[in-house]
Every structure is written in structure tokens, then in C-alpha cells.
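Visitor: Quick check, what structure comes out for this input:
(one chain, ligands or ions: 1)
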Amino acid sequence: MNILVINCGSSSIKSEIIHSLTGNRELVMRVERIQKNPVIKFGDGETITPEVTGHEALLDLALPKLLEKQGAGGIAAVGHRVVHGGTEFDEAADISTEVEEKIAALSTLAPLHNPANLSGIRLAKKHLPNVPHVAVFDTAFHSTLPRRAKTYALPKELREKYAMQRYGFHGTSHDYVSRKAAEYLNKSVEELRIITCHLGNGCSIAAVEYGRSVETSMGMTPLEGLVMGTRSGDIDPGLLIHLMKNDDLSPEGLDQLLNKESGLKGLSGQGNDMRDIIEKAAQGDDDCRLAIQVFAHRVRKYIGAYAAVMGGVDAIVFTGGIGENSQMIRHRISQRLDFLGAILNEDKNHFRLDDEHPVGEFSWNHSRVKLLAVRTDEQLSIARQTAALVNKKKVNQIPPIPVAISARHMHITQATLEQLFGEGYQLTERKPLSQPGQFAANETVTIVGPKNQIERVRILGPVRPKNQIEISRTDEFFLGIDAPIRESGKVENSPGCIVIGPKGKIQLTDGVICAWRHIHMTPDDAEIFGVKDRDIVDVKIGTGDRALTFGNVLIRVSPKYKLEMHIDTDEGNAAEISRGATGALVLSDGEAHLTKKKLKR
Ligand code: ADP
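Guide: So this is what the prediction gives:
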């Protein structure tokens, strides 16, 4: 499904329409310099320089334009990045009024970010009132931090009064790259201890133990931890007291100093862009050299600490603008980590990551700990979490599919019926079938193959334009006929057999098939399941240990049908299906798992 992802940050708005399964970007929009001389850029090249400023006014202008380009009907849901979820949110949440209020209340913990995120939510709801809106929190992935990692050594009263604890940020990125790394290593995150280093403008590191974040460097706010573009990261809190006493610094002054004037910018005196700092360092600028050394040293220090926290490590992953692109910084951080089992291979550390190659490995093959750079994609992760939540809700509304076992049977033409039962003979109804208008007839025939014959094969009515005999694989062996798996009605080039009735016998030249397992459904059902006529899907029948997944199930859609899956007796026996059994479409990323493309007619 197409998801509109809105990342309404403090100084810019990033928005993309992403297909949640393929990751394809349908349309991209950026709003920069929100407070002064803003500019709105669309992926198709159009640029607008509006008169207005501020998140709300700019989004009010940009969103309708984006929807006009895409067509609002093409958006299934909106995923919003929300920076602070506090202790309230440990996973993505459907944005109700109550959730909106909670996000607003959490603004005390993220005064720059949550109000901006909320503006995005409110404006998007105004322009897209009829689709689900989902909040994906930066903090949620770290909600698994154990108490010992998230508690500050401050008096309990104070901690409780101000909800002071380590929350951690960049969760979407740490989650995404740890999974991606596991996928690359052909393992599950549940069996790996991974240290993820997100090194961008903001920098943080996380210890992801068997899929759960157990430590991370950012704290109650995104100021703690690593050296960042303009943020100091860790410093001695005593230093702040000293500054307040001796330099007469106000809270606003401290905020400005630690958030805007420190980090790489403060160290280098050359701004916060690592590329410039690397260039100046190469030209001999000592402040820039020191900036790089302090930056890399801090990351190394944390890597050692996090390996100790997890009692070992299996992979160290670099991401973010610096982690993905700078082989020099990766090298500085990763050299001499041999004692940990991570052996850097300098020759391999020269790749360029792109859509085709989102993962690069730069450790030796014999390195027990893998060194990887992984391209992060927070927007895609938000799109996927949004789709998953929307589908989870939908799944709860999806009806179970009743499963019916089709015993062997024959569809017959009027001419064949008369040859077998006598001139002018008409089928008589024994009992109606679930598909409207269909019935099991009282009449049965004997079918004869080269090896054996089967008696009392029931005829299904009403009569049809073509003869067709549907048997199971076991019947096929018994009769000695090689019947192809076909959908009903497709009998061309199928084998024939002899059919005997009370008044005659006929040699059919074709018509014997093994029915392709299929689901009948109405167009309304198809919409609910997210499938089309002739799609091929996987269906799980039963629950728990006894559940069995049937692949290659054909979808048949017609207003005349009733929702029902048809399998033959062999399949029914294999799945130990009893009366009243139901099946469910196997969903991947919350969408129906289509095993193949739509078939050609
Ligand atoms: P944000 O955290 O805002 O998403 P990014 O993840 O894009 O930021 O990271 C921005 C940082 O990445 C900047 O410091 C930039 O200089 C740095 N960066 C980008 N490309 C390179 C490169 N080739 N070498 C070194 N640093 C780079």
C-alpha cells in the first residue's frame, strides 16, 4: 500500500509517498528553512518559494499540492514520525484524539520536536481525514531498556516528578539497520548481539541484544552521548555548574551552547559538516584533526562499553551520513578492535552504498565480529510500521475463509447425460451446494481408467457446456490417469476416460483434471482481502502446531460466489480438516502474500 510519510522536524519537513512492500518512492517533498525564506521542493522538480513561514502554514500549502500530484485516493495511510513517546508508547500508535493529547503532553520532554510533529499530524488529518494516521516514535525501540540502563542516579522524587530517565532516540534507524544487518548475515536478529552506530548530524549508538535495545547513548533528551554536528554529547555535569557560576549562563544560554555551538562545530571552528572537517584536517588544520579524534574516540569508547554490556558482540554496524559514507571515520573507529574479535579489512572498506547495495562489509572473512555499513531508511521503516498497524486492524476485520472439501465429482453436458441416463433425462437435485445455484445431483456414474474404476462418482448440477471430471491425486494413481492441475472449465489437452451410466457408456476424449485449489469470493470480499481475480495466494488452515499453509491457491472473484475455499480430499486429509474448518490468507507486511503475478488468461 502507498503510505504518505511525514517527518515534520524542527527546521525542515520531509515527506514521501512510499510503497510499503517494494519501498518504491512515488513522490518526494521537502520543505526547508521553515522559519525564514522557506522553500518547498517536489521530487518532480517543481520548487515553490512561499510567502508564509512556520510548520502549519507551510504544510497547509504544500500538502494539497502533494495530494494533487499523487491523487489523494492513492494514499492508504499516513505515517508520522514523532520524536518523543515517553513511557506511554512502546510501539507505533493509531492517532486518536487521546494519542494526540498524549503527544502534546510529552512536549515538555521534547519542546522543539513534539509540537512540530503535532502540527504535521493536525494538518495531515485536515487534508486526509478519511485515512488512518499512525505515529511512529523515535523512542519506542528503546522502551526495552532495562531499569539499570535507563535510570539516572538522581533522587527518586526528582526522577519521578520530571519523568527523568533514559529514553533514547533514533530508534527507527537502530531497529531498521539491525534487522537489515541480520538479513545480510542470513541470521535472525533474535540470535545476534549488534552494536549500531547512527552517525549523522545527530549521533547515537545502541546495543541491540537479540533484537531488543538494551543500551543507547542518547538519554532523556537527544543531547547525551556521542559527539554530534552541533551537540556536545557527554560532558561532566560539574562543568555546567562551573559555567553557570562563572560565566553567568542562563538556561537558554546553556541550551544554545550545548545544542547549537558544540560538537563538531565547536571543536573544529569550521561548522558541523564532517566532509569539510575531513578536508580541512587533511590540509593540516589541527582543530579539525582534534574534532575527528574526539569524535572517533567517543564512538570507540561506547563500542567497548556496549560489548561489555552484552557480554560480547556479533556485528558492529555503521549508518547515518557519516557512518554510511566515510570510510576514514569507520576505519578510525574500527581499527584495533581485534581484541573484541572485529578484524578490520582496509581493502574492503571502500564501497559506496546505494539502493542496489545497501550493505557493505569491511571485516575479514575470519573476523568473528562482522563490521558492516548499512544504509538506513527511516522513512521506509515508518511506512512499513504504518502499513503493519493498518493491516493488523484490517486483519481483525477479515472474515475467516470457510474451507470445503470437494469430493471427486463430474460436471456433465445435457448430451452426455442423455447418453448415460436415457433420452430426455434431467438431473434431479439431492442437495444444494454452497455456491448459489449449484447442487449435488442424485445421479452418479462410474469412471474407468486404464488401471481401475471408481463407482458412485457424483454428478454436480446444473448441466454445463463441457464435461469435466475432478479427481484427487490419489484417485489419479488408482485410475492410472495423469490428470493435470487445472482451474475449473480449463479442460483442453487433458486426458479422457470411460464413463458408465445406467443406460449407456461413453469414452470421453478429455475432461479429467485435478482441481486447482481455489477460493471463491465476491468483489467485496476481494477488496477486504486485498486481492484480485486470478491472484495466487498462500492460505493457512488451522491454528497452532496443526496449522498447515497451502501455497498456490487461486483466487476466483464473481458477484455470484460465496466466500469459500475448495480443496480436494487428499489435501483435506493432509491438513486433518474437519467440518467447519477455516483458513486465513498469509499476510506479509500485513498484505496478502501473492506468490506469483496475476496469471495471463
Ligand atoms: P541527519 O542526521 O540530519 O539525517 P545525515 O545522516 O544525512 O544527517 O548525516 C549528515 C552528516 O553526514 C554530515 O555531517 C555530513 O557531513 C556527513 N557526511 C555525508 N557524506 C559524507 C562523506 N562522504 N564523508 C564524511 N561525512 C559525510
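Visitor: Tell me which residues are up against the helix or strand harbouring Val177.
Guide: Assigned by DSSP states H and E, Val177 belongs to helix 171-184. Identification of contacts with helix 171-184 by Cβ atoms under 8 Å, 6 or more residues apart in numbering yields 81, 136-142, 188-189, 192, 194, 196, 198, 204, 206, 208, 211, 213, 216, 315, 317, 319-320, 358-359, 361, 370, 372, 374-378, 380-382, 385. Just so you know, the C-beta spots here come from the backbone N, C-alpha and C atoms, and that holds for glycine as well.
Visitor: Could you rerun that using 6 Å?
Guide: For helix 171-184, contacts defined as Cβ atoms under 6 Å, 6 or more residues apart in numbering pick out 138-142, 188-189, 192, 194, 196, 198, 206, 208, 315, 317, 319, 359, 372, 374, 376, 378, 381.
Visitor: Ok, stretch 431-440 next?
Guide: For stretch 431-440, contacts defined as Cβ under 6 Å, 6+ apart pick out Glu429, Arg430, Arg458, Leu460, Gly461, Lys562, Glu564.
Visitor: Can you give me the buried ones in that stretch?
Guide: Across stretch 431-440, burial judged by 16 or more other Cβ atoms under 10 Å covers Leu433, Gln435, Phe439, Ala440.
Visitor: could you point out which element follows the helix holding Val177?
Guide: As assigned by DSSP H and E, the chain's next helix or strand after helix 171-184 is strand 193-199.
Visitor: Tell me what angle whatever helix or strand comes next after that following strand forms with strand 193-199.
Guide: Once the chain leaves strand 193-199, the next helix or strand it forms, by DSSP H and E, is strand 203-209. Orientation check (axes from the mean of the first three to the mean of the last three Cα atoms, to 10 degrees): strand 203-209 against strand 193-199 gives 170 degrees.
Visitor: Quick one: mean pLDDT for strand 203-209?
Guide: Taken as a whole, strand 203-209 has an average pLDDT of 98.
Visitor: Next one: the closest residue to Gly341 other than its chain neighbours from Ser334, what distance?
Guide: Closest residue to Gly341 apart from its sequence neighbours, by Cβ to Cβ, 6 or more residues apart in numbering: Arg368 at 3.8 Å. Distance of Arg368 to Ser334, computed by Cβ to Cβ, to the nearest Å: 14 Å.
Visitor: between the two, which one's more packed in?
Guide: Ser334 (27 against 13; other Cβ atoms under 10 Å).
Visitor: Filter the contacts of stretch 431-440 down to just the buried residues.
Guide: Arg458, Leu460, Gly461, Glu564.
Visitor: Can you tell me which of those comes closest to the ligand?
Guide: Glu564 (50.7 Å; Cβ to the nearest ligand atom).
Visitor: Phi and psi next, for that closest one.
Guide: Backbone torsions of Glu564, given as degrees, to the nearest 10, read phi -170, psi 140.
Visitor: State the distance from it to Val537.
Guide: Using Cβ to Cβ, we find Glu564 at a distance of 15 Å from Val537.
Visitor: Would you mind listing what in the protein touches the ligand?
Guide: 200-202, 229, 273-275, 278, 320-322, 325-326 (Cβ under 6 Å from any ligand atom).
Visitor: switch to 5 Å and redo it
Guide: Within the chain, the positions adjacent to the ligand are Gly200, Asn201, Gly202, Asp273, Met274, Arg275, Gly320, Gly321, Ile322, Asn325, Ser326 by Cβ under 5 Å from any ligand atom.
Visitor: So how do I select the buried members of the residues you listed in ChimeraX?
Guide: Buried members of the residues of the chain next to the ligand, defined by 16+ other Cβ under 10 Å, are picked up in ChimeraX with:
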select :200,201,202,273,274,320,321,322,325,326
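Visitor: Secondary structure for the residues of the chain next to the ligand - can I get that in CSV?
Guide: Formatted as CSV, the residues of the chain next to the ligand follow (DSSP: H, G, I helix; E, B strand; the rest coil):
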residue, secondary structure
Gly200, coil
Asn201, coil
Gly202, coil
Asp273, coil
Met274, helix
Arg275, helix
Gly320, helix
Gly321, helix
Ile322, helix
Asn325, helix
Ser326, coil
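Visitor: Save the residues of the chain next to the ligand as TSV, and put in distance to Leu4 too.
Guide: Listed next are the residues of the chain next to the ligand as TSV, based on distance: Cβ to Cβ, whole Å:
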residue	distance to Leu4
Gly200	23
Asn201	24
Gly202	24
Asp273	30
Met274	31
Arg275	31
Gly320	24
Gly321	24
Ile322	29
Asn325	28
Ser326	32
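Visitor: of all the residues of the chain next to the ligand, which comes closest to Ala116?
Guide: Gly202 (15.0 Å; Cβ to Cβ).
Visitor: how close does the closest residue in space to the closest one that isn't next to it in sequence sit to Ser10?
Guide: Nearest non-adjacent residue to Gly202, counting by Cβ to Cβ, 6+ apart: Met228, 5.3 Å away. For Met228, the distance to Ser10 equals 14 Å [Cβ to Cβ].
Visitor: and the residue of the stretch 351-500 of the chain found nearest the ligand, how many neighbours does it have?
Guide: Nearest to the ligand in the stretch 351-500 of the chain, going by Cβ to the nearest ligand atom, is Thr376, at a distance of 7.5 Å. Applying other Cβ under 10 Å, we find 27 residues neighbouring Thr376.
Visitor: what does Thr413 give?
Guide: Thr413 has 15 neighbours, counted by other Cβ under 10 Å.
Visitor: for it, what are its contacts?
Guide: The contact partners of Thr413, by Cβ under 6 Å, 6+ apart, come to Val463, Asn467.
Visitor: What pLDDT is listed against the residue nearest to Gly341?
Guide: pLDDT, read off for Arg368, is 98.
Visitor: For Leu112, which non-adjacent residue is closest in space?
Guide: Per Cβ to Cβ, 6+ apart, closest to Leu112 is Ser10, 4.3 Å.
Visitor: Specify which residue of Met228 and Ser10 has the higher count of neighbours.
Guide: Met228 (25 against 15).
Visitor: From Ile459, how far off is the spatially closest residue to Gly422 that is not a sequence neighbour?
Guide: The spatially closest residue to Gly422, leaving aside those adjacent along the chain, is Lys503, at 4.3 Å (Cβ to Cβ, 6+ apart). Between Lys503 and Ile459 the computed distance is 14 Å (Cβ to Cβ).
Visitor: neighbour count winner among those two?
Guide: Applying other Cβ under 10 Å to Lys503 and Ile459 shows that Ile459 carries more neighbours, namely 26 against 12.
Visitor: and that one, helix, strand or coil?
Guide: strand.
Visitor: Repeat that for Ile3.
Guide: Looking at Ile3 with three-state DSSP, the answer is strand.
Visitor: give me every residue that touches the closest residue in space to it that isn't next to it in sequence.
Guide: Excluding the flanking residues, the one nearest Ile3 by Cβ to Cβ, 6+ apart is Ala383, at 4.0 Å. When contacts are counted by Cβ under 6 Å, 6+ apart, Ala383 is found next to Ile3, Val5, Ile18, Ser20, Gly79.
Visitor: So the second one sits against Gln379, correct?
Guide: Yes - using Cβ atoms under 6 Å, Val5 is in contact with Gln379, at 4.7 Å.
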